[in-house]
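Visitor: After the sequence you'll find the predicted model.
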Amino acid sequence: MNADQACDLCGRTSWTRLHEVDGYPIVRCQSCGLVTVGHSSTLEQLIRLYGASYWQDPDEVGYNDYLAAQERKRHHFRGLVVELGKLVAPGDLIEIGSAYGFFLDEARMGGWRVQGVEPAEHAAQHARQQLELDVLAGPFADLPVQSGSVDAVVLWDVIEHLPNPRLTLQRAFEWLRPGGVVALSTGDISSLVARIHGRDWSLLTPPWHQFFFSRKTMRHLLETIGFSVERIGGDGNVAVDRTSRRPRVPGPLAAILQSKPVSTCARKLGRGGVMFAFARKTLL
């Protein structure tokens, strides 16, 4: 991390080195606690990471076959459409990082008028051609702001990939109507599974993942932009990291911790290695 590089959350420039992963330093802001990659990358460099091989090549970093996981992902997204609908009635929605368009398609079937933004042209093209969705290929922060024009902005497993989370959420705030909702998911570096695995946590994957939020830093970011946090929940996975390079939890215990009763209880308590945050643009 350059000594004078400002923290995206608090603007300070004092860093503590936590780990080195694949040659990238992982650092924590001494002021606010935000964890990030201590080696800055430009937006153009990051976009180049998400070519076709990222989505469909099992020998490369990314997904073994994103399309093959469609039904599992759609099932997950249907649940998120329901959760979003508990906070705001279906209206106009933008998804940042819309990938192949599976969430957008589920939201459309749920009564939303949808639009996506996806910098990876390969993924955006699939959404447009196969699902006939309105998806723009480019960074959301570069779009001309249409102030107060949407009811929801969502970022599922996206904010950790961005070089500028604050700017993106500020733009989302401007796009939203008063009372509108931003919803996002991302790994929780303060979770038990992240703390158990340390530098071997499977979501600690620079340069693809640039930021590693805790519930505290995520709440701080949302609130300093002007959002009112409605709730932050978890995925129910309390300790097991099956895709870690060095899993820490032995098989028999992992089976217990991943059982339906344990994961259901953990979700009800809002715990897990992945957090889901819902925040509202305060009514004027």
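Guide: All right, it came through fine.

Visitor: Am I right that residue 138 falls within a helix?
Guide: No. Assigned with DSSP: H, G, I helix; E, B strand; the rest coil, residue 138 falls outside any helix and is coil.

Visitor: Just give the nearest non-adjacent residue to it, would you?
Guide: If the residues on either side of it in the chain are set aside, residue 138 comes closest to residue 119, at 6.0 Å by C-beta to C-beta, 6 or more residues apart in numbering. Every residue, glycine included, has its C-beta placed from N, CA and C.

Visitor: is it true that that neighbour touches residue 50?
Guide: Yes. Distance between residue 119 and residue 50: 6.9 Å, which falls inside the contact criterion (C-beta atoms under 8 Å).

Visitor: since we're on the residue nearest to residue 138, how many residues are nearby?
Guide: Under the neighbour criterion other C-beta atoms under 10 Å, residue 119 is assigned a count of 22.

Visitor: can you check residue 88 too?
Guide: By the other C-beta under 10 Å criterion, the neighbourhood of residue 88 contains 20 residues.

Visitor: that older thread, tell me the pLDDT at the residue nearest to residue 138?
Guide: As predicted, residue 119 sits at a pLDDT of 92.

Visitor: Next: residue 58.
Guide: Here, the pLDDT recorded for residue 58 equals 68.

Visitor: could you pull out the helices for the stretch 151-284 of the chain?
Guide: Shown for the stretch 151-284 of the chain, the helices assigned by DSSP state H, counting those that start in this stretch span residues 165-175, 192-197, 215-225, 251-257, 260-268.

Visitor: What lies in contact with the third one?
Guide: By C-beta atoms under 8 Å, 6 or more residues apart in numbering, the list of residues contacting helix 215-225 from outside reads 9-10, 32-35, 165-166, 169-170, 173, 182, 186, 188, 190, 213, 229, 232, 275, 277, 279.

Visitor: Same check on the second one?
Guide: With contacts defined as C-beta under 8 Å, 6+ apart, helix 192-197 is touched by 187-188, 201, 203-204, 212, 237-241, 244, 246-249, 271-273.

Visitor: Present the helices of the stretch 151-284 of the chain as CSV; the columns should include distance to residue 152.
Guide: Putting those into CSV (distance: least, C-beta to C-beta, whole Å) gives the following:
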stretch, distance to residue 152
helix 165-175, 10
helix 192-197, 28
helix 215-225, 15
helix 251-257, 33
helix 260-268, 22
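
Visitor: how about CSV for the ones you listed, with mean pLDDT and distance to residue 25 added?
Guide: Compiled in CSV, the helices of the stretch 151-284 of the chain are given as follows (pLDDT from 0 to 100; distance: least, C-beta to C-beta, whole Å):
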stretch, mean pLDDT, distance to residue 25
helix 165-175, 97, 19
helix 192-197, 96, 17
helix 215-225, 98, 18
helix 251-257, 91, 30
helix 260-268, 92, 32
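
Visitor: CSV for the ones you listed, including mean neighbour count and distance to residue 23?
Guide: Formatted as CSV, the entries for those read as follows, by neighbours: other C-beta atoms under 10 Å; distance: least, C-beta to C-beta, whole Å:
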stretch, mean neighbour count, distance to residue 23
helix 165-175, 21, 23
helix 192-197, 20, 19
helix 215-225, 19, 25
helix 251-257, 12, 30
helix 260-268, 14, 34
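
Visitor: Output the below-cut-off pLDDT ranges for the stretch 1-150 of the chain.
Guide: In the predicted model of the stretch 1-150 of the chain, residues 1-4, 57-61 satisfy pLDDT under 70.

Visitor: All the strands of it, in order from the start?
Guide: Ranges of strands in the stretch 1-150 of the chain, per DSSP state E, counting those that start in this stretch, are 15-21, 24-29, 35-37, 92-96, 113-117, 135-136, 150-156.

Visitor: Not counting its own residues, what contacts the first one?
Guide: Contacts of strand 15-21 from elsewhere in the structure, counted by C-beta under 8 Å, 6+ apart, are 1, 25-30, 35, 38, 198-199, 204-206.
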